[in-house]
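*Asks:* How does the following fold in three dimensions:
(4 chains)
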Number of protein chains: 2
Amino acid sequence: MVKKATLKEVAQAAGVSTQTVSRVVNQRPDVAEDTRAHIQELILKLGYQPNTIARSLITRRTHTLGVVATGLEYYGPSTILVGIQQEAEALGFSLTLLLTHEPEKEDFSSTLFDLAGRQVDGILWAVPPVGQNRTKTVAPILHQLPPILFLNQPDPAFSVAAIDNRLGAVLAVDHLLHQGYQHIGMITGPETWWEAAERRAGWAAALTAAGQHPDSRLVSAGDWTAAGGERAFLELIQHFPELNSVFVSNDQMALGVYKAARDLGKNIPDQLGIVGFDDYPEAAFFLPSLTTIRQPLRELGAVAVREIVKLIQCPKDLHLNQLPTSVLLKPQLILRESTRIK
Amino acid sequence: MVKKATLKEVAQAAGVSTQTVSRVVNQRPDVAEDTRAHIQELILKLGYQPNTIARSLITRRTHTLGVVATGLEYYGPSTILVGIQQEAEALGFSLTLLLTHEPEKEDFSSTLFDLAGRQVDGILWAVPPVGQNRTKTVAPILHQLPPILFLNQPDPAFSVAAIDNRLGAVLAVDHLLHQGYQHIGMITGPETWWEAAERRAGWAAALTAAGQHPDSRLVSAGDWTAAGGERAFLELIQHFPELNSVFVSNDQMALGVYKAARDLGKNIPDQLGIVGFDDYPEAAFFLPSLTTIRQPLRELGAVAVREIVKLIQCPKDLHLNQLPTSVLLKPQLILRESTRIK
DNA sequence: GTGAAAGCGCTAACAC
DNA sequence: GTGTTAGCGCTTTCAC
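*Replies:* Purely as a prediction, here's the structure:
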């Protein structure tokens, strides 16, 4: 790469001070029209491109959001990321992306400090919290960090945007009950994911409300994949042959259940009712099509960006005194064939 | 956010020069052991975090790769991104992510200049090239940009890493022919995607090699989604009722074909053979399971990072004289039930 | 081993 | 309207 032109060089070429060029570059009004035109011409000619890094050093704004995510191979996380990116772009922010692969092992504080060192204006944390160590690890260093917003588990100590997973699960189970299914099993995601825990809790709550006991043996854990869903279902049905419906924690695992059902000769929905979670685009194309819980994932990403930008723009001194924001979006039941009893 | 400690403040607290602190921070050997220990302690105590931006300004290295991608909602692109991120992290690079939504409309050069202004060390371009304007638009400004590598369409003028999509299509069609399917249709992706065009070309080449005419009426375009695949197939079968197999440009669209086949009462694989492309995790769980072309997508991402890092580390003066690199990875046929004729 | 001086590319604050 | 001065936080160079 050839050396790029600097502000100073443009200024010299134009015979003006760097300040004047700076004013042109930043579209300030107080420059004479012909000076501006002349400089603009030189900028083009020299291929001048402002050095964002130098600018950031002095303005203390990078217009960059740090995004920490995991599981981009799954529908949920990648859709949220798309939502984040779109809104960020619309608001003039770019993204620095960090992916973690083993959320359990992750060291919160070093990742956060890394991002802080990069001078991101704000942080979006989309990794499931493991246990309660968020409070323990993050709270004490919060004052050394830029504004941070978590995309899961609401917590009065932090700003959060999330989807009401528990409500989604309740919608799913209530629907199954309403359709007349009696024995409702549950296939959860990995227990380290907050989403998985919430969906399970919603399942339990809905059963309890209906006067049933949410026996933990009615629950089996998958790993978000179809293969995991199949495995979990086979395990479940072995212990509970009378099971006639399952609430599955995501659509991919539900597909695994379809396969197991076929292999066992169980008809969906007559002998086995299934409700998934996500409403990913293929769910409508399962055979039979999958009843599921639709999540506003892109909106979640967009809301998260809007909230963090609000926090960023709030005057620094108010920053810590301010109450953390908390947004909870509602999911929605999508009725299809996998729970339709004629 | 509270004001963070600077190098200078640490130096003052320690009663040494900034230089000495800098040496400690950068793990230089030439510092007395007790000086180092003392400073290290203060760094911890003050919560000092080096400002990467200031460092980059002077070292001219950001250890950041700019990634321009699109279609993260699809399996291919998001898997490539995961591969990119893993390898980048392993090599000590972080990512600045730019997503474009309408690759057709995208203005190459402004995006590239934007990234260059952010001082990324290298650029990974994972957006499909529209027509031939890559050559026209990018070539003339190449000398003003950091090293750039394209994740598609090989071109002697640029460094590229890609998967041999054409070969994949040939594998698919040859397999169908070998299984005895006579009338082989094709469902392509959007024509603006290089991958789609290549797969179509491979289909045509394989048919031609077998003495058949690749009639363009045997081709229908989808949009990578199951819904699009269904639509494209219905269109196809209406014009060619004798069609008994299709090569579908990705697995999601293949799922749409399954649905159409069921609605038309066509049995897979006896009356309709189907080969997909991607081998995304759910393909093995389709009913019947889907024969498809597996792409080494994560590896593609990893290779791309390795190549761009090589370019970055190559001495600047050799940079432009050097021949562009080109890596082409091979896909693989995965045999399953959707093409099995007993 | 350690420090002083210079400056990366840019903008803020003020003077004229 | 435009220029001057100062300095963001750090590393480089070279002196001691």
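*Asks:* would you list every one of the strands in chain A?
*Replies:* Taking DSSP state E, the strands of chain A run over residues A:64-69, A:94-99, A:122-126, A:148-150, A:159-163, A:184-188, A:219-221, A:245-248, A:273-275, A:292-294, A:326-329, A:332-334.
*Asks:* Out of those strands, the one nearest B:Trp194 is which?
*Replies:* Distance to B:Trp194, taken as CB to CB, is lowest for strand A:94-99 among these, at 24.0 Å. For glycine as for every other residue, the C-beta is placed from the backbone atoms N, C-alpha and C.
*Asks:* Tell me the strands beside the closest one, with direction?
*Replies:* strand A:64-69 (parallel), strand B:94-99 (antiparallel) (DSSP bridges).
*Asks:* how about these in JSON lines, adding distance to B:Glu198 and mean pLDDT?
*Replies:* Formatted as JSON lines, the strands paired with strand A:94-99 follow (distance: least, CB to CB, whole Å; pLDDT from 0 to 100):
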{"stretch": "strand A:64-69", "distance to B:Glu198": "30", "mean pLDDT": "95"}
{"stretch": "strand B:94-99", "distance to B:Glu198": "23", "mean pLDDT": "92"}
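*Asks:* Can you say which of these is packed in most?
*Replies:* For these, average neighbour numbers computed from mean count of other CB atoms under 10 Å in any protein chain shown are highest in strand A:64-69, which has a mean of 25.
*Asks:* Could you give the separation of it from the chain centroid?
*Replies:* Chain-centre distance of strand A:64-69: 11 Å, with CA atoms, centre = their mean, to the nearest Å.
*Asks:* what's the angle from it to strand A:122-126?
*Replies:* Between strand A:64-69 and strand A:122-126, the angle comes out at 10 degrees (axes from the mean of the first three to the mean of the last three CA atoms, to 10 degrees).
*Asks:* returning to what we had before: would you turn the strands of chain A into JSON lines with distance to B:Glu337?
*Replies:* As requested, the strands of chain A are exported to JSON lines (distance: least, CB to CB, whole Å):
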{"stretch": "strand A:64-69", "distance to B:Glu337": "35"}
{"stretch": "strand A:94-99", "distance to B:Glu337": "34"}
{"stretch": "strand A:122-126", "distance to B:Glu337": "37"}
{"stretch": "strand A:148-150", "distance to B:Glu337": "44"}
{"stretch": "strand A:159-163", "distance to B:Glu337": "36"}
{"stretch": "strand A:184-188", "distance to B:Glu337": "24"}
{"stretch": "strand A:219-221", "distance to B:Glu337": "26"}
{"stretch": "strand A:245-248", "distance to B:Glu337": "23"}
{"stretch": "strand A:273-275", "distance to B:Glu337": "22"}
{"stretch": "strand A:292-294", "distance to B:Glu337": "25"}
{"stretch": "strand A:326-329", "distance to B:Glu337": "40"}
{"stretch": "strand A:332-334", "distance to B:Glu337": "29"}
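*Asks:* Now those strands in a markdown table, please, with extra columns for distance to DNA strand C.
*Replies:* Formatted as a markdown table, the strands of chain A follow (distance: least, CB to the nearest atom of the strand, whole Å):
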| stretch | distance to DNA strand C |
| --- | --- |
| strand A:64-69 | 16 |
| strand A:94-99 | 16 |
| strand A:122-126 | 19 |
| strand A:148-150 | 25 |
| strand A:159-163 | 27 |
| strand A:184-188 | 51 |
| strand A:219-221 | 52 |
| strand A:245-248 | 53 |
| strand A:273-275 | 54 |
| strand A:292-294 | 44 |
| strand A:326-329 | 32 |
| strand A:332-334 | 45 |
